[in-house]
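Participant: Need the 3D shape of this:
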Amino acid sequence: MKALAVFPSAREVRIVEQDEPRIEAPTQVLLRTHEIGICGTDREICAFEYGEPPEGEDRLVLGHESIGEVVDSGPGVRTLKPGDLAVPLVRRPCGRPDCYPCRAGRQDFCTTGAYRERGIKGADGFMTEWVVDEEEFLVRVPKPLADVAVLVEPLTVATKTVEQIKLIHTRVPLERLRPRGLVLGAGPVGLLGAMTLAANDCDMFVYSREPAGSERAALVRSFGASYISAEDVTLDALFDVAGCFHLIFEAIGTPAAFGALPALAHNGIFVLTGVPAVRPPEPMEASRIMRDIVMRNQVVLGTVNAGRDAYEEAIHQLAQFMTLFPDAVRRLITRRRPLDEALEMISERDGIKNVVRIQV
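Facilitator: Predicted coordinates:
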């Protein structure tokens with residue numbers, strides 16, 4: 001079967017042929033891959049900024065945003081049957097006895113750093129025709145969501161964020177007013193985050209570099225959010241133009257995001273989801289930032305999506321989106337191409353969510 005793989009030592013990325021996987025344990029499931037989303041992580045791995053092959057291998061099969069169809073399963077599988085659609089979890093527990101989060105199925109809070117991530121770190125991904133995985137790492141998706149289910153994995157970034165926000169809010173006696181939220185960046189994670197927060201009754205704003213008259217800005221407005229273009233307003237002027245925000249959701253992956261902190265309200269939450277490449281130090285008003293965080297009781301939160309609960313909630317949230325603003329959701333997927341054109345799509349920077357469609 002075909003797969004797209006990166007060879008870090010040789011600095012090559014190419015389509016390879018490999019053996020089809022087989023079920024080898026009673027709890028395993030055979031999936032026929034339908035679609036795989038492409039994201040910035042894939043681009044960075046193909047630029048050899050990071051990416052770690054499985055132990056003893058010289059190549060890493062790419063792809064972590066996947067949806068597939070169950071074809072067969074071992075006799076111990078109870079929750080999936082042939083014909084079901086399923087999304088696989090990306091991060092896998094480290095397996096170390098001293099890591100309680102991984103033992104509890106919350107590898108998103110792994111304390112050892114020895115976790116594996118399929119298509120990213122220490123385990124092959126899903127950009128291939130067939131995949132075998134353990135039942136415990138597969139989440140069933142209702143068939144009416146088939147054409148947008150490839151968005152589930154990036155959507156888990158937002159659903160995990162909402163979970164954390166609700167926990168943090170329990171520390172403060174809050175008046176139940178409609179909160180104001182700001183998303184930095186109008187890429188897939190930013191747009192899905194804005195949709196999620198809007199669906200959770202936030203008054204949403206999206207700040208991004210695209211012009212106010214762009215298609216992406218129109219997409220933001222189509223699900224009830226307001227759009228602010230970086231062409232018109234600088235980050236440090238956000239407060240003067242739009243006021244303060246109870247929540248700021250970063251989805252741009254650069255330290256420049258901290259420039260929005262002056263617009264964070266008292267008791268506000270600033271959520272970091274991007275993972276920037278290592279860059280030279282940048283100037284920052286550290287003393288002002290620290291003073292505001294302390295005096296305003298603000299929270300700066302880093303979060304990573306990996307737990308099963310976040311996937312299950314993302315599927316529920318996606319179904320809600322398809323009732324509230326289905327056209328906006330479908331517009332997130334800008335093109336679909338076959339596996340032979342995957343590398344070309346990874347190199348492209350246009351579009352929102354580009355998807356590889358596997359044809360077996």
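
Participant: what helix or strand does Asp72 sit in?
Facilitator: strand 65-73 (DSSP states H and E).

Participant: and that strand, which strands flank it?
Facilitator: strand 28-37 (antiparallel), strand 85-88 (antiparallel) (DSSP bridges).

Participant: Export those strands to JSON lines and append columns for mean neighbour count, distance to Gly68 and mean pLDDT.
Facilitator: Every C-beta, even on glycine, is put in place using the N, C-alpha and C of the backbone. Formatted as JSON lines, the strands paired with strand 65-73 follow (neighbours: other Cβ atoms under 10 Å; distance: least, Cβ to Cβ, whole Å; pLDDT from 0 to 100):
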{"stretch": "strand 28-37", "mean neighbour count": "22", "distance to Gly68": "3", "mean pLDDT": "98"}
{"stretch": "strand 85-88", "mean neighbour count": "24", "distance to Gly68": "6", "mean pLDDT": "98"}
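
Participant: among the ones you listed, which is nearest Lys160?
Facilitator: strand 85-88 (14.6 Å; Cβ to Cβ).

Participant: Downstream of that closest one, the next helix or strand is which one?
Facilitator: Using DSSP H and E, the helix or strand that directly follows strand 85-88 along the chain is strand 91-92.

Participant: And that next one, what does it pack against?
Facilitator: If contacts are counted by 3 or more Cβ pairs under 8 Å, 6 or more residues apart in numbering; DSSP states H and E, strand 91-92 sits against strand 116-118.

Participant: can you give me how far the strand it packs on is from the chain middle?
Facilitator: Its chain's C-alpha centre and that of strand 116-118 lie 14 Å apart, by Cα atoms, centre = their mean, to the nearest Å.

Participant: Listing partners with orientation, what would you give for that strand?
Facilitator: strand 91-92 (antiparallel), strand 122-123 (parallel).

Participant: Test my guess that Thr33 contacts Glu65.
Facilitator: No. Assessed by Cβ atoms under 8 Å, Thr33 is found out of contact with Glu65, at 11.2 Å.

Participant: With distance to Asp327 as added columns, please give the strands paired with strand 65-73 in a markdown table.
Facilitator: Formatted as a markdown table, the strands paired with strand 65-73 follow (distance: least, Cβ to Cβ, whole Å):
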| stretch | distance to Asp327 |
| --- | --- |
| strand 28-37 | 19 |
| strand 85-88 | 22 |
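
Participant: Please name whichever of these is nearest to Leu138.
Facilitator: Ranking the strands paired with strand 65-73 by proximity to Leu138 (Cβ to Cβ) places strand 85-88 first, at 4.3 Å.

Participant: For that closest one, report the contacting residues that lie outside it.
Facilitator: Contacts to strand 85-88, defined as Cβ atoms under 8 Å, 6 or more residues apart in numbering, come from residues 29, 31, 34, 66-70, 80, 118, 126, 131, 133, 137-143, 145-146, 149, 152-153, 311, 315.

Participant: rerun at 7 Å
Facilitator: 31, 66-70, 80, 118, 126, 133, 137-141, 143, 146, 149, 152-153, 311 (Cβ atoms under 7 Å, 6 or more residues apart in numbering).

Participant: can you check stretch 223-237 too?
Facilitator: Stretch 223-237 is contacted from outside by 194-195, 198, 204-212, 217, 220-221, 241-242, 256, 259-260, 262, 325, 328, using Cβ under 7 Å, 6+ apart.

Participant: between the strands paired with strand 65-73, which gets nearest to Gly302?
Facilitator: Short answer: strand 28-37, nearest of the strands paired with strand 65-73 by Cβ to Cβ, at 22.6 Å.

Participant: Would you mark the buried spots in whichever helix or strand comes after that closest one?
Facilitator: Heading C-terminal from strand 28-37, the first helix or strand you meet, by DSSP H and E, is helix 40-46. For helix 40-46, a neighbour-count test (16 or more other Cβ atoms under 10 Å) marks 41-42, 44-46 as buried.

Participant: which residues of the stretch 151-300 of the chain fall in helices?
Facilitator: 152-169, 188-199, 215-222, 238-242, 286-295 (DSSP state H, counting those that start in this stretch).
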